[in-house]
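Participant: could you look at this predicted model? Sequence included:
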Amino acid sequence: MIWLSLVAFLVSSLVAAGIVRWGRDHASVYGETMPQRFHLGDIPRLGGAALLAGMACSWMLGMLQSSWMGDPGSLRLGGWVVWWIVALLPSAIGGIVEDLTQRLTVRYRLLLTALSGGLALMVLQLNVQRMGLPWLDTFLSETPWLGMVIVVLAVAGLPHAFNIIDGYNGLAGMVAFIVCLALAHVSLQVGDRSLATLFVCTAAATAGFLVWNYPRGMIFAGDGGSYIWGVVIALGSISLVQRNHDVSPWFPMLLLIYPVWETVFSIYRKLVRGVSPGVADALHFHQLIYRRIVRGVFHDDESRRVLMRNNRTSPYLWGFTLLTVVPAVLFWSNTVVLVIFCGLFMIAYVSAYLAIVRFKVPSWLRH
């Protein structure tokens, strides 16, 4: 597992280095007036290609080790790993094409992520058969098609949730890194070494990307990177719960409540204002923190000033993420406690959002 993660890290970081060196030309298509743009200059948005390369190489090497080399690490990575990659490809390719052209509409990208969800049903045979609450479990058993719908929605929606929080250097990447390590930890707790290997390799590939993304901001994950994180984490979360009955279905929900609730709340506030949920804006939680909590940085060079302020925003959200990851890892089998923490997070998020909007943030939080 260690050497596979090393391969994932090296391949991802080397591919990212190549993109930084030779892939800047495409970045000029990303308009200066985009509302979610918080950097100066043309920065390549092909981090997803580096992530995909690192993950695919390590996963395939793990499969070869298990199949042809006697599986010395007891990883049990069989041919099913290929189907994971197959399910991932529609979303990954769609996101990378959007990063290259800026011409793939939200509708088509949503269809591609939904296609990944459909493939998860057909080739991976994933299904949500329980929710950890008796009345919900009874309802799911009486309507088995509902579990399939949840799979498609999860695989189709989580990539876009990661895309929403992908606004500042190291933000989405570090959230994905932390979540993957938490999923790997619980996978090892229940003896599922194959899933743990996939999560560790994904975290390692993400670390290779972060070498160039934070704090220097020399490459961005783009839609491709966000979609890869979303699909892999969605597939892995559903598989972990389906294969291991001791794991509460609310464990991955609490792990991912930040990007999920950010998406739900964003859709709500846009609908209230009469705006289509597909229209990008600059009113997300991380963008408010950038504008109203992180203090300006004084520097002679404007691009350096923007970069330094950008880098100061992400740690606020890393801490916010840890508030859900820590209890999720501690109580991964206790559904009631996990549900309570999910509710507490939603209340805390809305309260913090309203406090920032109304300029009622304590002075000690401003940096």
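Facilitator: Structure received.

Participant: check the offset of stretch 179-189 from the chain's centre.
Facilitator: Using CA atoms, centre = their mean, to the nearest Å, the distance from the centre of stretch 179-189 to the centre of the chain it belongs to is 15 Å.

Participant: what's it in contact with?
Facilitator: Applying CB atoms under 8 Å, 6 or more residues apart in numbering, the contact partners of stretch 179-189 are 193, 195-196, 199-200, 202-203, 206, 233, 236-237, 240, 244, 247, 251-252, 255-256, 321, 325, 328-329, 332. Every residue, glycine included, has its C-beta placed from N, CA and C.

Participant: looks like residue 43 contacts residue 221 (just checking).
Facilitator: No - taking CB atoms under 8 Å as the definition, residue 43 is not a contact partner of residue 221, at 11.1 Å.

Participant: look at the two and report which has more neighbours.
Facilitator: Neighbour totals were compared for residue 43 and residue 221, and residue 221 leads with 30 against 20 (other CB atoms under 10 Å).

Participant: now do the contacts for the more buried one.
Facilitator: With CB under 8 Å, 6+ apart as the criterion, the residues that contact residue 221 are 45, 47-48, 51, 166, 172-173, 209, 213, 229.

Participant: counting only helices, which of the residues you listed make the cut?
Facilitator: Among these, the members found in helices (DSSP state H) are 47-48, 51, 172-173, 209, 213, 229.

Participant: residue ranges with poor pLDDT in the stretch 51-200 of the chain?
Facilitator: Applying pLDDT under 70 to the predicted model, the stretch 51-200 of the chain contains no residue that meets it.

Participant: 90 instead, please
Facilitator: Applying pLDDT under 90 to the stretch 51-200 of the chain picks out residues 65-76, 78-79, 99-107, 129, 132-137, 140-144, 164-170.

Participant: tell me which helix or strand comes right after the top helix by length along the chain.
Facilitator: Criterion DSSP H: the longest helix present in the chain is helix 302-330. Remark: after helix 302-330, the chain's next helix or strand is helix 335-357, criterion DSSP states H and E.

Participant: for that following helix, name the packing helices and strands.
Facilitator: Helix 335-357 sits against helix 250-255, helix 257-272, helix 285-292, helix 302-330, with contacts defined as 3 or more CB pairs under 8 Å, 6 or more residues apart in numbering; DSSP states H and E.
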